[in-house]
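J.: let me see the structure of the following:
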Amino acid sequence: MKNSEKILKEKTFYEKLLKINPNFLEVLFQMSSIYIYLKDYKNALKIDKKIAKLLPFDPISYYNLACDYSMLGDIEKSLKNLKIAINLGFKNIKYIKKDPDLKNIRKGKKFKEIEKIINI
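T.: Presented below is the predicted three-dimensional model:
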């Protein structure tokens with residue numbers, strides 16, 4: 001079985017689980033990863049928004065939203081969510097500098113504000 005076929009089978013399985021329990025966090029995490037793998041950033045964003053509502057003080061949730069928005073080209077929302085992630089305690093500063101999902105925001109002048117906050 002090809003990897004893409006396996007991913008699509010997993011996606012179908014997880015969708016069924018979410019119909020039973022739409023707040024099943026472990027499944028939501030998996031679905032977000034699947035959508036990212038499939039480059040379906042709009043659906044990844046929907047899932048990650050739900051995760052952030054369920055885990056409002058989790059910095060990773062907001063970091064993932066920042067990545068989703070960056071990949072969709074919404075720089076303002078990406079920066080906003082990255083700031084929230086940092087304020088909630090996101091500590092992997094080196095990764096912010098090299099995460100390919102955030103390349104769109106690193107190009108802009110407003111990223112300098114983030115650099116000041118985290119002292120990159």
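J.: pLDDT weak spots in this structure?
T.: Segments of the chain classed as low confidence (criterion: pLDDT under 70) are 1, 120.
J.: tell me where it has strands.
T.: Under the criterion DSSP state E, strands are not mapped anywhere in the chain.
J.: next up, the contacts around the residue nearest the centre of it.
T.: By Cα atoms, centre = their mean, the mean C-alpha position of the chain lies nearest to residue 64, the distance being 2.0 Å. Contacts here follow Cβ atoms under 8 Å, 6 or more residues apart in numbering; on that basis residue 64 touches 32, 48, 51, 52. (C-beta placed from N, C-alpha, C; glycine too.)
J.: does the first one really touch residue 52, like I thought?
T.: It refers to residue 32. No - taking Cβ atoms under 8 Å as the contact criterion, residue 32 and residue 52 are not neighbours in contact, 10.8 Å apart.
J.: pull out the buried positions in the longest helix seen in the chain.
T.: When every helix of the chain is counted residue by residue (DSSP state H), the longest turns out to be helix 3-20. Within helix 3-20, the residues that qualify as buried are 11, 14, 18, counting by 16 or more other Cβ atoms under 10 Å.
J.: the second one against residue 35, yeah?
T.: Spelled out, it's residue 14. No - assessed by Cβ under 8 Å, residue 14 is found out of contact with residue 35, at 10.5 Å.
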